[in-house]
Structures are given as structure tokens and as C-alpha cells.
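> Turn this into a structure:
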Amino acid sequence: MNETSPAAAARSGLQALESRVRQDLETLSFPFKPWMPVPEVKSERKKYDVVVVGGGQAGISIAIGLMRDHVNNILVIDKAPKGKEGPWSTFARMLTLRSPKYLTGPDWGIPSLTFRAWFVAQWGPDAWERLDKIPNAQWQDYMIWLREVTKVPIRNNSTLTGFDWNGKGFTISLDEPEGQRNIEARKIVFCTGIEGGGDWHIPRAVQSNLPKEMYAHASDPDIDFSSLSGKRVAVLGAGASAFDQAATALEAGAASVHLFTRREQLHRVQAYKHLEQAGFLRSFPRLPDEWRWRFMDYLLTLREPPPKETVARVTKHPNFTLVTGADTDGLSHRGGAIEMDTPKGSFAADFLICGTGFIVDLALRAEFAQIHQDIACWADRYLPPVGEENEALSRYPYLGPGFEFLEKSPGEAPYLRHLHLFTFGSTLSQGFSGGGMNGLKYALPRLLDGIVGGLYSDDAEHHLAALKAYDTPEFELDDINTV
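Numbering: from 1, shown residues only. Sure thing, here's the model as predicted:
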């Protein structure tokens, strides 16, 4: 291959960037002194200080922050194979990230670790200026590079199947290709995706009225869109994900796609853009409960509209139709087809995709099956005024300042403070954080404060003893003339 080829130039640029990363990390290494106690080895199980469940953008970011604070005895696990962590190469069917290209967060404020630096190193500043939004595949490639250049310890194909408090930490059960294994951890951080505080939502009418083979949720990575060629497709929902499903089906050759929404008019204002400001992103968690409730009651009721690029992706197809004012009450299965009766008429489909979002409810999570009844939710801590009730918000976990679970009944489950939730389920307590990119820059330091502060506090006796035992003199008395 010609060594002046674009591919060779990209490799060379990336190598130069990686050298710069090493230099930057060394320059910013203060304080450099290791401080964590060496864990006692009393069993054959590997014992970690922190286990991070989820190796997507949040999990990688958390691990980088911990290692920079010299909490190195950590492990990140992810059930997916390498390169399939998170949604970017599985069920995220938009062509690009919805966030603007200049958002930062996983880099921890180190310029050489930013996506921009990674991109420019390979394709140059002019290409960066031409770039509109980041393609999904490029973001996934950047995540892989980020974990490798920072040496994040991650184990893929590893699924958490349960954990138990053993008095000093957690015994964690893992399902891996080699079989079952157990490890131990003092703290566990859950960053298991946007649905990690509950589960994906499929309307009851869909589950009750349709055969399972005739529908899927937008989060299903195994939807065979090629099989929808020439078929009539229905999509429920009017958010960005619903439009992405419609676009993918149309591009796969669907005969028609009807998108159904209960609203009489599409919501078009992206309120999240207004909140991309330091005041909200940094300070939201400090607001009193009533204001946090009011902000999120407004935001999460609005629903997130699709970006203009996504709308253009479907409207260029003449066989796409938006049906407003449609409710799942009109859904049925007749003569081998899906029927949707609406005030605008009746529509038939061969397959239905639910772009209907997710529910935050810890009771729906298998990993919390044995403990969710001990965890405080907002319903346990805050009673909204008449007229401001919101049942969905009441189920959100009420988290502490470091994203830790709190006890529903004080004193009955003290182990909960060693469990941290960094998913969309943390939104009501902590604002934009584990559910997307726009809040990472401000949320990650708060999470790190909670984890590292908890570790130091739990080892206070050890650290005081180490301080008292410290006896390294700054100079020799023999160098001083004394009388």
C-alpha cells in the first residue's frame, strides 16, 4: 500500500495522537500517590473495589475517572461482545448521533481524549468543519479507541446474573462463555443503558391483541428489516426512535409505512437544547425536591421530538404517512393482518414496531428483584401538591448526591449506599446524566465523588493509621549544625 494513502495518513495521525494522550495523562497525573488499601485475599474469588456493569460510553467514562483518581482495582463488565456495547451498532437505527458533534464528557476535560481530537487526527480539521453530526459507527469506533488508549479493564461477554451482600461487599455472579464465575466488589455501579432503570414499554393492547411474531419493540436488535420489503409496516410513537424505525423500514423497501401517534399534532420544540447550559447541567441536583419535580414533570411529559434530519429521512418517501389522533384502543388482529381503527380511518399492516419508549420502575429489573422493595423512590420522599401529581415520576428512585441508592426505611438496608445507578433512572434526582451525552461532563464528577468518597470514608481507620505511621523525614539532621 502507498504509505501516503489516506489510510496510512490516518494511522499515522492516530499514532501521534496516542503519544499526545500518554503525555497529557502523565502531565495531569497529580496527585500521583496510590492510596487505596490492598484488598485482603481470603478466598479464590477476585475482589475488586469497584465493578462497573455496562461497558458503553458511561461505563468507559466512569472507569477512566476512577483510574485517574488511582482507584485501579476495578473491572467493567458487559454482556455484549467487543464493539457491540451500547446501542450504536445494534438497535440505534438513526444514521448519526442526535447530539451535536462538539459535546464532551467521556474525555474528562482532556483535549487529546475528545472525539474531535480523534477525528481530526485521522481526517484533518477541514473534514471536522464539514462534519455535521457524528455517524453511529464512528462513535462506536471512538469508544473502542478510548477504552484501549486509556487501558480500561473490561470483560466482554460477561453477564451479571445476581449479587448478594456479604457483610463487607458484594458477591457477584457472572455468566460467561467459560461458565459461571463469582467475583467480589465493594461497590457496584450500574450503567446499563437508557432502559437500565426499568424496561422497554410495549403497550398492553399490542401484547394482548397481536401474535408475538407480528410486532417488535424499537430496541430489538434482531428486527429483520429485509423481511419487511414489500410489506405494510405500522409504527407506534412519534419520538425520534419511532421515526428511525419508519425510515429504516422504508429504506428496506417496505410497501408502506404508517406512523401512528396519539397526539393531534407533532411536538416540534426540542426543549433539551434550551437546557444545554452550565447552570442547569451543573446545578439541577442542588434544587429542592419541588423544583426538580417540576422541571422533570414538564420535560418528560413533552416527549422528545425527532430531529429535522430524521423527519426528512422519512418524508422523502411518498409511501410514508403520519396518522395523528390514533390510540392503541383501535388496534386489532383480523384475518391475518394488523388493523388500526382511528378517527382518520382504518389502516392495515403486516408488521408493527413499537417506538413507545421505556418505563422507569426498578421492580422490572431482574438485577434488583430481591432488593427493589428496600430502595427509596420519589413516592417515599416527596408528596407533590395537588395538580402536580405524576405517577410515572413517583416510581423513579430517589438517589443520594453520589447517585447511590437510599433506604426506603432508614437503617434497614445500609448496604444500598454501595450501589450506584447511572442510567436514565437517575434523571429525576440528578438531571441529565446516565441516559445520554449532554450531561456527562457534569454528572461524572458527582458520581466519582460519591464512589471515591465512600471508599475513603469506609477506610478512614486505615487511612488514619497510615497517616500516623508515615515517618519519612524531609531532611537529615546531620546536615544541620546544632549546639
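
> pLDDT below threshold where in the stretch 251-400 of the chain?
Within the stretch 251-400 of the chain, not a single segment meets pLDDT under 70.

> Going along the chain, name the helices of it.
Secondary structure of the stretch 251-400 of the chain (DSSP state H, counting those that start in this stretch): helices at 271-274, 278-283, 289-302, 308-315, 378-381, 391-394.

> Using a markdown table, lay out the ones you listed together with mean neighbour count and distance to residue 62.
In short, each C-beta sits where N, CA and C put it, glycine included. Listed next are those as a markdown table, based on neighbours: other C-beta atoms under 10 Å; distance: least, C-beta to C-beta, whole Å:
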| stretch | mean neighbour count | distance to residue 62 |
| --- | --- | --- |
| helix 271-274 | 12 | 23 |
| helix 278-283 | 14 | 18 |
| helix 289-302 | 16 | 23 |
| helix 308-315 | 17 | 30 |
| helix 378-381 | 16 | 24 |
| helix 391-394 | 16 | 26 |
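
> want to throw those helices into JSON lines with distance to residue 321?
Formatted as JSON lines, the helices of the stretch 251-400 of the chain follow (distance: least, C-beta to C-beta, whole Å):
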{"stretch": "helix 271-274", "distance to residue 321": "27"}
{"stretch": "helix 278-283", "distance to residue 321": "37"}
{"stretch": "helix 289-302", "distance to residue 321": "24"}
{"stretch": "helix 308-315", "distance to residue 321": "10"}
{"stretch": "helix 378-381", "distance to residue 321": "39"}
{"stretch": "helix 391-394", "distance to residue 321": "30"}
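
> closest one to residue 131 among these?
helix 308-315 (13.3 Å; C-beta to C-beta).

> follow-up on the earlier one: between the helices of the stretch 251-400 of the chain, which one is closest to residue 91.
helix 308-315 (15.2 Å).

> other SSEs contacting the closest one?
Helix 308-315 is packed against helix 240-251, with contacts defined by 3 or more C-beta pairs under 8 Å, 6 or more residues apart in numbering; DSSP states H and E.

> Just the buried residues of the helix it packs on, please?
Across helix 240-251, burial judged by 16 or more other C-beta atoms under 10 Å covers 240-250.

> returning to that earlier point: let me know which of the helices of the stretch 251-400 of the chain is the nearest to residue 75.
Using C-beta to C-beta, the helices of the stretch 251-400 of the chain put helix 278-283 closest to residue 75, at 29.2 Å.

> Which neighbouring elements make contact with the closest one?
helix 440-458.

> centre of the chain versus the following helix or strand past the helix it packs on, how much separation?
Where DSSP states H and E defines the elements, the next helix or strand beyond helix 440-458 is helix 460-469. The chain centroid and the centroid of helix 460-469 are separated by 37 Å under C-alpha atoms, centre = their mean, to the nearest Å.

> May I have the distance across stretch 350-360, first residue to last?
Taking C-alpha to C-alpha, to the nearest Å, the first and last residues of stretch 350-360 lie 30 Å apart.

> closest one to residue 476 among the helices of the stretch 251-400 of the chain?
helix 278-283 (48.3 Å).

> what does the model give residue 4 for pLDDT?
Here the pLDDT value assigned to residue 4 is 65.

> before we move on, what about residue 42?
66.

> cool, and the one 5 residues further on?
Confidence at residue 47, expressed as pLDDT, is 94.

> For residue 15, see how far away it is.
As judged by C-beta to C-beta, to the nearest Å, residue 47 and residue 15 stand 37 Å apart.

> quick one: which of the two has more around it?
The residue with more neighbours, out of residue 47 and residue 15, is residue 47; 18 against 11, by other C-beta atoms under 10 Å.

> Could you verify my assumption that the more buried one touches residue 39?
Yes - between residue 47 and residue 39 a contact is recorded at 4.6 Å, counting by C-beta atoms under 8 Å.

> what residues go with each domain of this structure?
6-197+360-463, 202-267+303-356 (automatic domain parsing).

> and the end-to-end length of the last one?
This points to domain 202-267+303-356. End-to-end span of domain 202-267+303-356 (C-alpha to C-alpha): 7 Å.

> what's the answer for stretch 257-266, then?
End to end - C-alpha to C-alpha - stretch 257-266 spans 17 Å.

> swap in stretch 394-408?
13 Å.

> Just send the domains of the chain back as a markdown table, with distance to residue 289 too.
Shown next, in a markdown table, are the domains of the chain (distance: least, C-beta to C-beta, whole Å):
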| stretch | distance to residue 289 |
| --- | --- |
| domain 6-197+360-463 | 5 |
| domain 202-267+303-356 | 23 |
